[in-house]
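Asker: Only the shape, not the letters, is given here:
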């Protein structure tokens, strides 16, 4: 309003900031330094490593690093196993989330606690635990070996198992939350229309909580993609079969830091691209 | 809507239609709470529309949910067309999805991820799928064609592809009705079907609903707290208060002979309990006994009733032949349509309906002192 009386160039160049500045200054003054300072330090702490990665990246030697035979097999393996682990988590985790959210049974809260244990357990411990159960001499592994001739440790399937073990709790918790937030009366409406509980779940509940399932899948996928401890413990580090990107990065760091940086960048770009791509799709849909 | 010559009587044990004794007990929410117990008997013949009328919290919706199987009975028995759907004593309970019921929920609960057409087709698909004896192949196409016919019947053919969120309240209500009717239920349940609509839409929807209910050949149970809905749509009204039936009968019968203050207020009657001696009724009002002269002659405990429109209001003591004349103060004024409903407080608390013109002419406002007169011929006394 007052800007009309200012010279035209002033309006264009600085009027918005002039009008905004007193307001901002007043609000900034209201933020206690005791909160602002740690917040800024925290922000720097989170962002600086990413900046460092970009600054120190061997941009000129990028081509040769990417052309080297380790990157693509590792990236391919990472994407395949992370996706497979997410699929396994969906297949087993969504019904588990439904059970936790929609039914009453004794020991349900204990079950929920057990489900969240892998969330807080160090992944290496998870890997050791998996070896004890699915290893060649493990409780289940011995039977799998003798009955079906299946061995999981140190195979690509083992990578998927390790990643799913670590990633599934993320999916279960986020889908359970979505189910609790969804109006269960839609399921009642479906029942009055002749739908069994499973039909109601499939045709009504599942579409209603799709955004929650999608969000949980992304979390699980991202967690699986970055999985390191459980994977290296349970599946080892064999290029081509069990060496995923994080393992390749760690290995490269031992003797060739430049390659490690380049691999890290690739991993970062891939995960950011996938997240951004999927997020755009969902925000357009029903939330 | 019913033909008394053809329809069997409700007393007949093998009668078609609804015969339900619903008992649902809910424990108190906390130690101090009283809990809630619903214990009602509902009967209706095919083609009949039964309205459950009552204040909020009376148990109407609980009764409806019990009929649908969404809330289990604690005792009693539910029989529909001669088939027992639930009887706790016999450990018998047909689950909701296997009951031939259709429900129009208060907020409709249209599936937000499905089009209007697929919402209506939903019940047709579940009932024609595997396990229901129907052909599965082509079921989807057939269900959609039938659903389209239903949308046409409720006048929404052009909104078939619309998502529920883009429908108006009245349209959503009609989709919900079509969805409930499409699988041809033997018991249609409507939970406050007009509550979510604005006044103008309400009138339209009520008229349409009346037409669809008239065409419906099975039992319909309508839950409402709006007496007008009940009077207009139902063949019979069952009034529920505090989980129990307080009155049951044809709408006109209930309007003429309401059994409680609540019912009288609902149907717009002034109702007083008193002791009759001939044409004189002693009404026990808050300030003491008040004599009311009635045209009907009675003896003993009676209800005295007269409609709000029978009350005439005057600023000065009128020179009138009216036998009942009371000094009152205007305690409240409410506009209902073109009528103003006055709440008059004096020896008796009286409801009076005046035209807006009369109110302006008398210069009435809250706090005005007025004389209220009722002719004996306008009153009714009947045994309580």
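Answerer: Right, received. Where do you want to start? Small disclaimer: the values here were computed from a predicted structure and weren't measured. Residues are numbered from 1 along each chain as shown, chains lettered A, B, ... in the order given.
Asker: Show me what counts as buried in the longest helix belonging to chain B.
Answerer: In chain B, with assignment by DSSP state H, the single longest helix is helix B:199-215. Neighbour counts over helix B:199-215 (16 or more other Cβ atoms under 10 Å in any protein chain shown) mark B:201, B:202, B:205, B:206, B:208, B:209, B:210, B:212, B:213 as buried. For the C-beta atoms, the positions are set from N, CA and C on the backbone; glycine is no exception.
Asker: Same question for stretch A:58-69.
Answerer: Neighbour-count burial for stretch A:58-69, counted by 16+ other Cβ under 10 Å, picks out A:65, A:66.
Asker: Identify all contacting residues around that stretch.
Answerer: Applying Cβ atoms under 8 Å, 6 or more residues apart in numbering or on different chains, the contact partners of stretch A:58-69 are A:71, A:72, A:258, A:259, A:261, A:262, A:263, A:266.
Asker: Closest residue of the stretch 1-150 of chain B to chain A?
Answerer: The nearest approach of the stretch 1-150 of chain B to chain A comes at residue B:123, 3.5 Å away (Cβ to the nearest Cβ).
Asker: What's the per-residue pLDDT of that residue here?
Answerer: Note for residue B:123: predicted pLDDT of 92.
Asker: so which strand or helix has it?
Answerer: In the assignment (DSSP states H and E), residue B:123 maps to helix B:116-128.
Asker: by contact count, what packs against that helix?
Answerer: Using 3 or more Cβ pairs under 8 Å, 6 or more residues apart in numbering or on different chains; DSSP states H and E as the contact test, the elements touching helix B:116-128 are helix B:139-153, helix B:169-181.
Asker: mind checking which of these is nearest residue B:326?
Answerer: When the helices and strands packed on helix B:116-128 are compared by Cβ to Cβ, helix B:169-181 sits nearest residue B:326, at 43.3 Å.
Asker: For residue B:285, grab phi and psi.
Answerer: When read as degrees, to the nearest 10, the backbone of residue B:285 gives phi -90, psi 170.
Asker: who's in contact with it?
Answerer: Neighbouring residues of residue B:285 by Cβ under 8 Å, 6+ apart: B:272, B:347, B:348, B:349.
Asker: mind running it again at 7 Å?
Answerer: When contacts are counted by Cβ atoms under 7 Å, 6 or more residues apart in numbering or on different chains, residue B:285 is found next to B:347, B:348.
Asker: beta partners of it?
Answerer: Per DSSP bridges, the residues bridged to residue B:285 are residue B:288.
Asker: Excluding sequence neighbours, find me the nearest residue to residue B:121.
Answerer: Using Cβ to Cβ, 6 or more residues apart in numbering or on different chains and skipping the chain neighbours, the partner closest in space to residue B:121 is residue B:147 (3.8 Å).
Asker: ditto for residue A:238
Answerer: Closest residue to residue A:238 apart from its sequence neighbours, by Cβ to Cβ, 6+ apart: residue A:154 at 6.8 Å.
Asker: Tell me the pLDDT of that neighbour.
Answerer: Looking at residue A:154, its pLDDT is 89.
Asker: Point out where chain A drops to low pLDDT.
Answerer: Filtered on pLDDT under 70, chain A yields the residue ranges A:1-29, A:279-287.
Asker: For chain B, what's its nearest residue on it.
Answerer: Closest point on chain A to chain B, by Cβ to the nearest Cβ, is residue A:193, at 3.5 Å.
Asker: circling back to that earlier point, okay, now the residue nearest to residue A:238: neighbour count?
Answerer: For residue A:154, the count of nearby residues is 18 (other Cβ atoms under 10 Å in any protein chain shown).
Asker: Surely it is in contact with residue A:243?
Answerer: No - between residue A:154 and residue A:243 there is no contact under Cβ atoms under 7 Å: 11.1 Å.
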